[in-house]
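Q: structure for the following, please:
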Amino acid sequence: MKIPASAQAMYYQLQNLDTAAAQNSYTSEDALFADLLQAQVDAGQRVIRAEEIVSKLDGASDWSFMHEASAAGPYSGTPVGADQVSNVSIQSILDKIKKTARSHGVDEDLVREVVRAESNFNPYAVSGAGAKGLMQLMDRTAQAMHVRNVYDPEENLAGGTKYLKNLLERFDGNIGVALAAYNAGPTRVSRLGITTDEELKEKYALLPQETQRYVEKILSRL
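A: Sure, this is the predicted structure:
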């Protein structure tokens, strides 16, 4: 896949920015939004140690699957609700990603790398904040996307891909901004005045460090 020129320019310029900028602090008021999806994504900011982010998003070519803790954090056994899902292979998940991406009109590579960054292809992944499944959906986000079983790969992918498409449409196809919104929350991104990839480049250091790494790693894989 070729990244659009606007996204390419943003990515290469992002490499030169200071990713060590201090992470902004946000108050509990940030969770009080009228829009259900915006509120849930913002309230559902994943709590992950920096070491986990680096180790899982280091650009390695191999994809470990269900052999260790996922990028979403450690998990133990099979979560409640996951008993309805039989074991699935990595190839099966990749096939489902391809089918779902085409169905929703979203680039297959983009969906795949979001899944990889979010859960490392583990359908049973659960974050410390309660995000679940392949695309790490919070409960209310899953409900809004009509996902009944977040541990079902097909349902989770359908809901997450639909939400990702909504973000791409909201930010006029600016991939970097949509990724930042998926990770940090669309309201948080909008409050910083970020609507385009160019604005993202200019205000990149204002985003949480986790979000900076998240955007960089996904764009680098694309």
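Q: quick check, pLDDT for residue 14.
A: You'll see residue 14 listed with a pLDDT of 50.
Q: how about the secondary structure of residue 112?
A: helix (DSSP: H, G, I helix; E, B strand; the rest coil).
Q: tally up the residues packed near the closest residue to it other than its chain neighbours, please.
A: Counting by CB to CB, 6 or more residues apart in numbering, the nearest residue to residue 112 once its immediate chain neighbours are dropped is residue 97, at 5.1 Å. For every residue, glycine as well, the C-beta is placed using N, CA and C. Here the number of neighbours of residue 97 (other CB atoms under 10 Å) works out to 26.
Q: just the helices in the protein please.
A: 5-14, 36-43, 50-56, 90-104, 108-119, 139-144, 153-170, 175-184, 186-191, 197-202, 209-221 (DSSP state H).
Q: so can I have a markdown table of those showing distance to residue 126?
A: Below are those laid out as a markdown table (distance: least, CB to CB, whole Å):
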| stretch | distance to residue 126 |
| --- | --- |
| helix 5-14 | 30 |
| helix 36-43 | 16 |
| helix 50-56 | 14 |
| helix 90-104 | 17 |
| helix 108-119 | 9 |
| helix 139-144 | 11 |
| helix 153-170 | 12 |
| helix 175-184 | 17 |
| helix 186-191 | 23 |
| helix 197-202 | 29 |
| helix 209-221 | 17 |
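Q: which stretch among those is buried most, on average?
A: helix 175-184 (a mean of 27; mean count of other CB atoms under 10 Å).
Q: I figured residue 176 hits residue 222, correct?
A: No - using CB atoms under 8 Å, residue 176 is not in contact with residue 222; the gap is 10.4 Å.
Q: lowest-pLDDT helix or strand in the protein?
A: The helix or strand of the chain with the lowest confidence, counting by mean pLDDT, DSSP states H and E, is helix 50-56 at a mean of 45.
Q: returning to that earlier point: now do the contacts for the residue nearest to residue 112.
A: 108, 111-112, 115, 157 (CB atoms under 8 Å, 6 or more residues apart in numbering).
Q: ok, now residue 132?
A: 79, 125-126, 138-139, 142, 150-151, 156.
Q: mind checking how far it is from residue 184?
A: Applying CB to CB, to the nearest Å, the value for residue 132 to residue 184 is 19 Å.
Q: what does residue 136 give?
A: 13 Å.
Q: got it, and residue 163?
A: Residue 163 is 14 Å from residue 184, by CB to CB.
Q: again, but for residue 113
A: Shown here: residue 113 relative to residue 184, a distance of 17 Å by CB to CB.
Q: neighbours of the closest residue in space to residue 160 that isn't next to it in sequence, just the number please.
A: Distance criterion CB to CB, 6+ apart; nearest residue to residue 160, sequence neighbours excluded, is residue 135 at 2.7 Å. Residues within reach of residue 135, counting by other CB under 10 Å, total 32.
Q: show me what contacts residue 135?
A: 114-115, 118-119, 156-157, 159-161, 163-164.
Q: what about the protein, any weak spots by pLDDT?
A: By pLDDT under 70, the low-scoring segments of the chain are 1-86.
Q: try it again with 80
A: Applying pLDDT under 80 to the chain flags the ranges 1-87.
Q: my guess is residue 161 meets residue 104, correct?
A: Yes - using CB under 8 Å, residue 161 makes contact with residue 104 at a distance of 4.8 Å.
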